[in-house]
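Q: quick one, what's the 3D model for this:
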Amino acid sequence: MALENLIAFFLLNYLRKNFDKPEPFPNTNRLLIIGMAVAAFLGLLGASDVGPRFLTSLLSLLLMGALIYGILTLPSFSKGRPIVAAILPYVSITFLAEFGQILFPSTYSGVEALFETAEFFAFIWAVAQWWISRRQRKALEVQRLIAEQKERELVLTEKIKAQLEIEVAERTADLTKQKEELEKALTDLKATQEQLILAEKMASLGELTAGIAHEIQNPLNFVNNFSELNHELLDELEQAAEKGDTDEIKEIIQDLKNNEEKIVSHGKRAEGIVKSMLQHSRKESGKKEPTDINKLADEYLRLSYHGLRAKDKSFNATYKTDFDPNLPQLEVVSQDIGRVLLNLINNAFYAVGGKEAKEAAQSRGGEYVPTVTVTTKKLPKKVEIRVIDNGPGIPDEIKDKIFQPFFTTKPTGQGTGLGLSLSYDIVKGHGGELRLQSDLGKGTEFVISLPSI
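A: Numbers count the residues shown, from 1 in each chain. Below is the predicted model of the structure:
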């Protein structure tokens, strides 16, 4: 009985340690401690064979009942229940064998072998259940740890997700604000660009107007001069008529006819200039029409020169032309191509009129004659227009920037930096090409290539 009581002692201790003390059973821990004391007392009695055997068996029976009560009636007990259930058959058979040996010795002797066999299998059962329970506890512990890890990961994921949502919202707000600022900056830039383009067009128009005014002034001077001369001739005619000098009258009349022819000729010349001005200033800038490139280049060369002379009386330069007489008419927007020519020719006159050009010529030796030349040439499937000057040339380091918007080498206030950029876009829009050839100290050449049949 000592072994059974020792097992009961440790079993009760196991129950006490694993029991979670529910409210319906506030004195369970105390009862289990008392049971352990009884088990220890019984173990001592059984080991020393001291005391009545019947009393010992009775106390063992009470202890057995306490164990059964603890297993069957405590619903909150979870951890210890499998172990107790595993050992309970072995303890029960052992106690029954003990009581049967004491109370019914004659009967017990006949079934002792049966009890021993049952006790053996109960022991095997206890070991197997203990091993299974141990594996189950480990598996449950692993599952618990995995569940806790998943829970922690879920909580962490939710925190990270919440943080990311906050950051995304903040960055979205920042991006929205930046987008609005960029859109505003782009709108302002476009408005500024449109104003600069308008300023460039107005500057070109001013130069064109000055040249046109100068061109018209010449035939008007002739008209005025011959009109005054005719007035004097009419006075002479009146005097000759009073004298009756027929020969003088005929001579004066012939002079009047000659002067009238000259007046008509110069009047038509002024009319042609006005018509050309109206043609090149029309609003239908997107309409392509057959255009005489030689005539267009000649007009804008003269208009550019006279416009610069009108602004600066001290300006003086030589201009030359070399036009291909076999040049076909091209389908172009004459106003736009005229703007390109005017811009390139103005730049050429500006280059030859500066002190850099004079200094470059003096370094080469000889007298400097500022010269701008415009040439045209028919090539296979294209027409080339060249604007050539003998100015100081363009440095290599800025050649790649020359067609960029807002880039200019002129002093502040003397250029928008959009002339060459707009010219480049216009030529490209006509399916052509605008390129630069320049040698520092020798001069610059702009080449316009336009497609032709």
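Q: so Pro451 bridges to which residues?
A: Beta bridges link Pro451 to Lys382, judged by DSSP bridges.
Q: so for it, what pLDDT did the model give?
A: With respect to pLDDT, Pro451 scores 93.
Q: that one touches Glu433, doesn't it?
A: No: in this structure, Pro451 is not within contact of Glu433 by Cβ atoms under 8 Å, at 9.4 Å. Every residue, glycine included, has its C-beta placed from N, CA and C.
Q: so where's the stretch 201-350 of the chain uncertain?
A: Along the stretch 201-350 of the chain, the model assigns pLDDT under 70 to residues 201-215, 217-218, 272-273, 275-286.
Q: mind listing the helices for it?
A: For the stretch 201-350 of the chain, the helices defined by DSSP state H, counting those that start in this stretch cover 246-280, 293-311, 334-353.
Q: show me what counts as buried in the shortest one.
A: Using 16 or more other Cβ atoms under 10 Å as the burial criterion, the residues of helix 293-311 that qualify are 293-294, 296-310.
Q: that helix vs helix 334-353, what angle?
A: 50 degrees (axes from the mean of the first three to the mean of the last three Cα atoms, to 10 degrees).
Q: with the first one instead?
A: Between the axis of helix 246-280 and that of helix 334-353 there is an angle of 100 degrees, by the same axes, to 10 degrees.
Q: helix 246-280 packs against which elements?
A: Helix 246-280 sits against helix 105-243, helix 334-353, with contacts defined as 3 or more Cβ pairs under 8 Å, 6 or more residues apart in numbering; DSSP states H and E.
Q: if we use 10 Å, what do you get?
A: helix 105-243, helix 293-311, helix 334-353 (3 or more Cβ pairs under 10 Å, 6 or more residues apart in numbering; DSSP states H and E).
Q: hmm, back to that, who touches both of Pro451 and Glu433?
A: Shared contacts of Pro451 and Glu433, defined by Cβ atoms under 10 Å, 6 or more residues apart in numbering, comprise Lys382.
Q: right, and Ile93 touches Val111 too?
A: No: counting by Cβ atoms under 10 Å, Ile93 does not reach Val111; the two are 11.5 Å apart.
Q: who's more crowded, the two?
A: Ile93 (21 against 13; other Cβ atoms under 10 Å).
Q: OK, contacts around that one?
A: Here Ile93 is in contact with Glu4, Leu114, Phe115, Glu116, Thr117, Ala118, Glu119, Phe120, Phe121, Ala122, Phe123 (criterion: Cβ under 10 Å, 6+ apart).
Q: how about low-confidence regions in the stretch 351-453 of the chain?
A: Judged by pLDDT under 70, the stretches of the stretch 351-453 of the chain that qualify are 355-366, 406-418, 453.
Q: show me where it has its strands.
A: 371-379, 382-389, 433-439, 443-451 (DSSP state E, counting those that start in this stretch).
Q: tell me which of the helices and strands packed on helix 246-280 is the most buried.
A: Most buried of these by mean neighbour count (mean count of other Cβ atoms under 10 Å) is helix 334-353; its value is a mean of 24.
Q: tell me the angle that one makes with strand 443-451.
A: Using the same axes, to 10 degrees, helix 334-353 lies at 170 degrees relative to strand 443-451.
Q: relative to strand 382-389, how tilted is helix 334-353?
A: 30 degrees.
Q: put the alpha carbons of helix 334-353 into CSV.
A: What follows is helix 334-353 as a C-alpha-only set of coordinates in CSV (Å, rounded to 0.1, in the frame of the first residue of the first chain):
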residue,chain,number,x,y,z
SER,A,334,4.4,82.8,-96.3
GLN,A,335,3.8,84.9,-93.2
ASP,A,336,5.6,82.2,-91.0
ILE,A,337,8.5,81.7,-93.4
GLY,A,338,8.8,85.5,-93.7
ARG,A,339,9.0,85.7,-89.9
VAL,A,340,11.8,83.1,-90.0
LEU,A,341,13.7,85.0,-92.7
LEU,A,342,13.3,88.3,-90.9
ASN,A,343,14.6,86.8,-87.6
LEU,A,344,17.6,85.2,-89.3
ILE,A,345,18.4,88.3,-91.3
ASN,A,346,18.0,90.6,-88.3
ASN,A,347,20.4,88.4,-86.3
ALA,A,348,22.9,88.5,-89.2
PHE,A,349,22.8,92.4,-89.4
TYR,A,350,23.1,92.5,-85.6
ALA,A,351,26.2,90.2,-85.8
VAL,A,352,28.0,92.3,-88.5
GLY,A,353,27.1,95.6,-86.8
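Q: Gln136 is nearest to which of the helices of the stretch 201-350 of the chain?
A: With Cβ to Cβ, the closest approach to Gln136 among the helices of the stretch 201-350 of the chain belongs to helix 334-353: 91.9 Å.
Q: tell me the angle of the closest one relative to helix 105-243?
A: Going by the same axes, to 10 degrees, helix 334-353 makes 80 degrees with helix 105-243.
Q: going forward, count from 21.
A: Noted, 21 is the first residue going forward, which turns the last one into helix 354-373.
Q: beta partners of Asp342?
A: Thr395.
Q: now do it against Leu165, distance only.
A: 96 Å (Cβ to Cβ, to the nearest Å).
Q: same question, Val188
A: 33 Å.
Q: rewinding a little: just send the strands of the stretch 371-473 of the chain back as a markdown table, with mean neighbour count and distance to Thr338 too.
A: Output for those, formatted as a markdown table (neighbours: other Cβ atoms under 10 Å; distance: least, Cβ to Cβ, whole Å):
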| stretch | mean neighbour count | distance to Thr338 |
| --- | --- | --- |
| strand 391-399 | 18 | 5 |
| strand 402-409 | 21 | 11 |
| strand 453-459 | 16 | 20 |
| strand 463-471 | 20 | 13 |
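Q: follow-up on the earlier one: got any residues that touch both of Ile113 and Val131?
A: Ala138.
Q: thinking again about what came up before, to Leu257, which of the strands of the stretch 371-473 of the chain lies closest?
A: Using Cβ to Cβ, the nearest of the strands of the stretch 371-473 of the chain to Leu257 is strand 391-399, at 47.2 Å.
Q: which helices and strands sit right next to the closest one?
A: helix 313-331, strand 338-342, helix 354-373, strand 402-409, strand 463-471.
Q: adding distance to Arg154, write the helices of the stretch 221-370 of the chain out as CSV.
A: Output for the helices of the stretch 221-370 of the chain, formatted as CSV (distance: least, Cβ to Cβ, whole Å):
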stretch, distance to Arg154
helix 266-300, 105
helix 313-331, 104
helix 354-373, 96
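Q: can you check which of those gets nearest to Lys402?
A: helix 313-331 (11.7 Å).
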